[in-house]
Structures are given as C-alpha cells and as structure tokens.
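Colleague: here's a sequence, model it:
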Amino acid sequence: MTTYEVGIDVGGTFTDGVILGSDGMFQIAKVPTIPSNPTRAIFEALCKAAILSNRRTDEFLNNVIRLSYGTTLATNLLVQGKTAKVGLFITKGFADTLRIANMGREHLGIDLNCDRFAPPLSRRQIWEVTERIDAGGKVILALDTVEVERGVRYFDELGIEAIAICLLWGFKNPTHERRVRDIIKAMRPQTFVSLSHEVAPILGEYERCVATVVNAMLGPPINADFAGFKEKLKANGMAADPLILQSAGGVTPIERASSFPVSLIGSGPAGGVTAAVSLVLTLGIPNAICADMGGTSFDVCLIQRGTAESRLRTRLLGHTLAVPTLDVYSIGAGGGSIAWLDSGERLKVGPRSSGSVPGPACYGRGGYEPTVTDANAVLGRLNPRGLAGGDLPLDVDQAKNAIAERVASTLKMSVQDAALGICAIVDSSMANAIRVITVQKGLDPRDFVLVAYGGAGPLHAVSLAEELGIPEVIVPFFATVFSAYGAVNSDVVHSTIRNLSVQLSSVERLVQSFKEMEEEGSKLLESWGKRWSAVLFRRSAEMRYAGQSHEVSVSIPSSFQGADELRNIFETTYSTQYGAGTTHSNTPVEVITARVDTVAKAEQRTFSVAVTDTNTDFLREHRSVTFSSKLRDLHVPIYYGERLCPGMEISGGAVVEYYGTTVIVPPGWAARVDTQYNLRVTRGSSNG
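Modeller: This is a model prediction of the structure:
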C-alpha cells in the first residue's frame, strides 16, 4: 500500500501542496487560498491531492504518514487585529516597559517627525505585582501572591482572554513566573498563559515582554484553529498529527506550536528557504539569494556558506520581538500587486494586492484593477489558455481593458507600454529588496546565484539578475510549490536558548550550557513519542565586544578547542559582516546568548519524473512575447517545462512553462536542465 507525505504552503493567493508517495511518484496540488478560512483551503488541497492519487479523500488521508505545512495565520491575525484580549503581569515599577519600548532609536537623527507605534496593550491591561529578582537570579523581594490573586480577579472583570507574565530577570530565575502561572491556573484553569522565561529567555526586557504578550495574543485563536483542523482531519481518517513550520526553520508538532504560536510568525516563507538551502548544498553552491514571488509578496533571504541568515529578534508592526526567525525580508510585490496612479499621476505598483478574491482582472472573477499578472498576460509572457495547467484560464482582453482604463488612458500611452511600465516598476522594487540584504550589508549580489521560486518568481528572475549583475538563476523543478516542498522535506527542529552574559574567558560555562541544552533538546524530542532516524545538534552564540550593545550571531563547531579558537571564529564572522579592519584584538569578547538547535533529520527522498523519452515533443507552440521596450512582439518558442530532460539546452528568447509557473529566458540568456531537473539560466547563447 502506497503511503504519502504531504507538504502544504498557505500563500496569500494560492495554497500549494506537494504529495510524495512511497513509490517515488509525486503530485502537485494548487487551490485558491480562502482568506477568511485558510485551513479550509488546506483541506481542499488535500482533497485535490486525493483525486490526483486516484483515491477517496478518507482513503488517501488514512495513508498520509506525514503532513507538514507553513501558515501565515499568525501574521494575518496580528495584521487584522483578530487576536485575544490579553492581560499582563509585570514587576511593580515596570508597567511602562511596552510604552517606553526602545525609544524609537532606529529613527534617531533620521526622521524627526516619525510617529511612535502604539504599545500592544493599553495601560489598564497591565497589572503590577510586588516581587524582585536580581540579575544573578537571586530573590531579593518575595512575590506578593495576594496581589496576583487580585490581578486575576481584575482581569476577569476586564474580560481578559489570555494572560502574559513577564517579570524582571524572570529568565534567570523563573520561580516567581511559575508561581504566578499556578495561581492563574487555580483560579482560571482554561486560560492561555504565556511565560517570558519559556517564550524568550534572553536579555532584553522590552523585546522579551513584547514576544510574551504577542504569544498570549495569538494563543486562543490559533489553538481554536488548530483544534478544529485536527478534528476535521481525524474525522476524515487521518491519524498522523500535523507538523507546523516555524519561523526559524524546521517543523514542530502541532501541540508544541499551539503553546508557542509566536514562533509561527514568518512560518510561510520558511519552507522555501529550507528547500533552497537543501538545493544549493546538493548543487555545491555556497552562496545564494532566495527569491519567492507569489501573488501577494516578494520574500528574499540570504544563504552564505550553505546556511540561511537568521536572527534572534524580528520586527513586526513597529515592535521588536525576541523571536528567533530566518532573516527574510519581505515587500508587497507579487503577481496580484495592483498598479495605480497617485495624485501626481505617477505609476505605482503595490503593496495592495488583489489576492485570490477577486484576483487579477485576467482571472475573470470580478477583478477590475490592473495587476502585475495582467501586465504579464498582455505582454504574452503567460499562456492565455490558463495557469496551473489550464485550471485557471486567462482573459487577456480583460487584462488589456483594466490597464487601459486605469493606467494607459490617463498617462496617454499604449497598453503595451503601460504593461512594460508596471513590470519595470515591480522589478525595480524587488531589485531594491535584494540590495537591502546584500549591498546594504557590504555584499555584492554578483557573488551570489539567484534561486527563484513561487508562482511568479521565475517570471521576473532573469530581469532581476540582469539589473543586479547576478550571473546565474536557478529555477527549482518544484518552483511553483517550492515552499510546500520545503515543508515536506523539513527537519524537526527544537531550539533551546539560554542567556549567559559572560566573558569569553569563561568558556567552561559555555561548554557546560551547550551540553545541558543538548540534553534538554534530546529529552523533548523523545517526549514527542516518535522514532527519529538521526538526531544532531547545531550550536551558535550571540557574541559582541565588551561595551557594544548589538551582537553578532556565530556558528560554533562542536569540536572547538577553547577560548582562543572561539575568538578567532567570532572575529572572522565579525569582519565578514562589518568589513576588514573592524575587529579589535585587544578588546574582551562577551558571550551573551547560547543556542542549540536539536535536529531530527528528515528522511532523504527521491522522486521519479515520468518523462524520459528523448523523442517526446518538448515544444508546445510559438507565441508573440514582449521582453522589453527594445524586444517587442518576438515570435519565440514555448516549451513544456515538465517534459525537459537533463542536459537539454534552450537559447533565449524563449519561454518555459511549468504547472503553476513560467520561466522567461530573454535573448542573450540560455537555459540548461541539470541532473536534478532544475533549470539553470545563465548569460550567453546555447547551441540549441
């Protein structure tokens, strides 16, 4: 009996699924996202997967042994304000922590008119308690439990749905935080409680407090969503519990994600980055730029020396949260991004998107505003017979009308010129996003390859490479569902973080902390009741020179020999990030935070591609395509992407169409299919 492993990515426009069978075959499922009920779209993707596998839904689900998915649910709840009403217990005298925040230092001396973001909680949602623990973890003032009980009753009267606890230095000694939790649970057993020493046990009072509060805000709605989804899966025959992608990469059981929903902020893009890291390691490419362009957003992340950039803090809605995450930079630029004219009749694109409902005008679902997808349809870059293998036919006339009415007529230009302008503007915005993660960090994008995926990424990738001087574009075989592919192939990861704040000379304490965290991670994975084929540990630390206020994340080998070697590793990382000559050999180095990722490796999977006959007709048709203002209406070959075999080469101009995505190969570029069925696009002409 064939069993299945399924990966799903819930995007802003489409929900994508990848189904890998134990027989080595694969299927791709793509359905419109339902903004009002994202988990319903997941279930519809599973139903479609069952149809593709020639099984009833219950029969298919009964044979699913792993379901992993990335979700934008946490981010959407925060953006839309659909979170729980939260109360906060905090040490007396520190009730204004969220209001003071970090004083807006990122704008100091830059923008004198900037507005402060409102704190996530009003002052009346905060209850101060008498207690005090010092920086060494010593109790210097006992917890007043009577005040805590009064606070719980006050929160009852206020209609509070979840409670956050963030006491000063609680991560050094969690005794008081745990006692507050016990009192809450005794008085309100069903209340979701978020503790700072569990959510964010790191230095930084404000960032830790925000993360703890946001975790509480997300707890009730995400728990309700997960519970309903699990129940529906179980009712339809699926026994395996889902795994959820974390913002820092890797998947975690749904029960763990329910307790720490703040770790799901940025869950969506994590799958694609995970898959990209695996891809470049397989291909022997150390440095790459991930570029995911879907219907709503454009997400980019840097891979250096085979590792995706990450950070211990993330920025969301104006606040800094102490939440580990992949360092993904996002802008509102996707296939559904709407083109519009400002008050000065200047053409703009995004960040507003048509989404899946109603979608671009060419979808014929009631959309009337011109989008990037409409512009590409007008330029002949998209197959007018439809996207997603013909499941979504395109009405090019509707696209032309939308561009004409909203853009071209006002600017007194042709529809084709307006479409070119829309594409040029969105390409410029995306190129600038790549500059943010490269040039602004002192890195040259020409030293990287571009891994392009998502429904729209390959369509614009070569244009971005042209502008930035990137020598090669790699379009993965699963490009249209790459984030879902990353989900199904993700390792199970648990991150353990511990604040140390010690001099590098105290290296024995660092080593001991690593060992303790590895033991903690191993026990947690064992408690999940699964058998892991291989478990490994990744060590890292946040380090800085004494007197600095910002740290550098340093990967630490398990076999390092002492403080001198660790200092060399730190200074190598420091000079790479800040430039040659920036290190200070006579300044002491501090280890602020230690981190261990306990990783249960996913099984390495292979898949079969049905097309192996070299006599297969690879050419679909010829079509008129406009590549640029100087390369208009060229009659070029259109190829079936899934029918291309390893070693095959294609000269530009040409278009390669896959299920759900399209690759543009303009004149002056050439494409080659590698042994993994990825399309490698480089400058220069092929021999045919």
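Colleague: so the closest residue in space to Arg620 that isn't next to it in sequence: helix, strand or coil?
Modeller: Leaving aside its sequence neighbours, Arg620 sits nearest to Ile638 (Cβ to Cβ, 6 or more residues apart in numbering; 4.6 Å). Heads up, the C-betas are built off the backbone N, CA and C, glycines and all. Three-state call for Ile638 (DSSP: H, G, I helix; E, B strand; the rest coil): strand.
Colleague: contact partners for Ile638?
Modeller: By Cβ atoms under 8 Å, 6 or more residues apart in numbering, Ile638 lies in contact with Asn383, Leu619, Arg620, Glu621, His622, Arg623, Ala654, Val655, Val656, Glu657.
Colleague: can you rerun that using 10 Å?
Modeller: Residues near Ile638 by Cβ atoms under 10 Å, 6 or more residues apart in numbering: 380, 383, 619-623, 625, 654-657, 662.
Colleague: do the same with Pro384
Modeller: Cys362, Ala377, Pro393, Leu394, Asp395, Val396, Asp397, Ala399, Arg623.
Colleague: restricted to buried residues, select these in ChimeraX.
Modeller: In ChimeraX syntax, the buried subset of the contacts of Pro384 is picked out as below (16 or more other Cβ atoms under 10 Å):
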select :362,377,394,395,399,623
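Colleague: which of the contacts of Pro384 has the weakest pLDDT?
Modeller: In terms of pLDDT, Pro393 ranks lowest among those, with 86.
Colleague: that residue contacts Tyr363, correct?
Modeller: Yes - using Cβ atoms under 10 Å, Pro393 is in contact with Tyr363, at 8.6 Å.
Colleague: on that earlier part again, can I get the contacts of Ile638 in JSON lines with distance to Gly306 and secondary structure?
Modeller: Shown next, in JSON lines, are the contacts of Ile638 (distance: Cβ to Cβ, whole Å; DSSP: H, G, I helix; E, B strand; the rest coil):
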{"residue": "Gly380", "distance to Gly306": "38", "secondary structure": "coil"}
{"residue": "Asn383", "distance to Gly306": "36", "secondary structure": "coil"}
{"residue": "Leu619", "distance to Gly306": "37", "secondary structure": "strand"}
{"residue": "Arg620", "distance to Gly306": "36", "secondary structure": "strand"}
{"residue": "Glu621", "distance to Gly306": "40", "secondary structure": "strand"}
{"residue": "His622", "distance to Gly306": "41", "secondary structure": "strand"}
{"residue": "Arg623", "distance to Gly306": "39", "secondary structure": "strand"}
{"residue": "Val625", "distance to Gly306": "36", "secondary structure": "strand"}
{"residue": "Ala654", "distance to Gly306": "32", "secondary structure": "strand"}
{"residue": "Val655", "distance to Gly306": "32", "secondary structure": "strand"}
{"residue": "Val656", "distance to Gly306": "28", "secondary structure": "strand"}
{"residue": "Glu657", "distance to Gly306": "31", "secondary structure": "strand"}
{"residue": "Thr662", "distance to Gly306": "29", "secondary structure": "strand"}
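Colleague: which one (most neighbours) among the residues you listed?
Modeller: Neighbour counts for the contacts of Ile638 peak at Val655, which has 27 neighbours (criterion: other Cβ atoms under 10 Å).
Colleague: confidence score at that one?
Modeller: pLDDT at Val655 comes out at 97.
Colleague: beta partners for the closest residue in space to it that isn't next to it in sequence?
Modeller: Once flanking residues are discounted, Val655 sits nearest to Ile638: 4.8 Å by Cβ to Cβ, 6+ apart. Legend: beta-bridge partners of Ile638 under DSSP bridges are Glu621, Val655.
Colleague: residue most distant from the centroid, the chain?
Modeller: Val146 (43.3 Å; Cα atoms, centre = their mean).
Colleague: list the contacts for it?
Modeller: Val129, Thr130, Ile183.
Colleague: quick one, what contacts the second one?
Modeller: Same thing as Thr130. Contacts of Thr130 by Cβ under 10 Å, 6+ apart are Thr91, Lys92, Gly93, Leu141, Ala142, Leu143, Asp144, Thr145, Val146, Glu147, Val148.
Colleague: mark which of those are part of helices, please.
Modeller: Thr145, Val146, Glu147, Val148 (DSSP state H).
Colleague: from Ser36, how far off is the second one?
Modeller: Same thing as Val146. 45 Å (Cβ to Cβ, to the nearest Å).
Colleague: now the first one
Modeller: Applying Cβ to Cβ, one obtains 43 Å for the distance of Thr145 from Ser36.
Colleague: tell me which of these two has more neighbours.
Modeller: Neighbours were counted for Thr145 and for Ser36 using other Cβ under 10 Å; Thr145 has more, 16 against 8.
Colleague: I figured Met277 was touching Ala308, is that so?
Modeller: Met isn't right for residue 277; it's Val. Yes - the criterion here is Cβ under 10 Å, and Val277 meets it with Ala308 at 5.3 Å.
Colleague: between these two, which contacts overlap?
Modeller: Common neighbours of Val277 and Ala308 (Cβ under 10 Å, 6+ apart) are Gly249, Ala288, Cys290, Cys301, Leu326.
Colleague: Asp633: what's it in contact with?
Modeller: So Asp633 contacts Leu379, Gly380, Gln416, Ser624, Val625, Thr626, Phe627 (Cβ under 10 Å, 6+ apart).
Colleague: just checking, which of those residues belong to helices?
Modeller: Those of these lying in helices (DSSP H): Gln416.
Colleague: give me the buried entries from the contacts of Asp633.
Modeller: Of the contacts of Asp633, these count as buried by 16+ other Cβ under 10 Å: Leu379, Gly380, Gln416, Val625, Thr626, Phe627.
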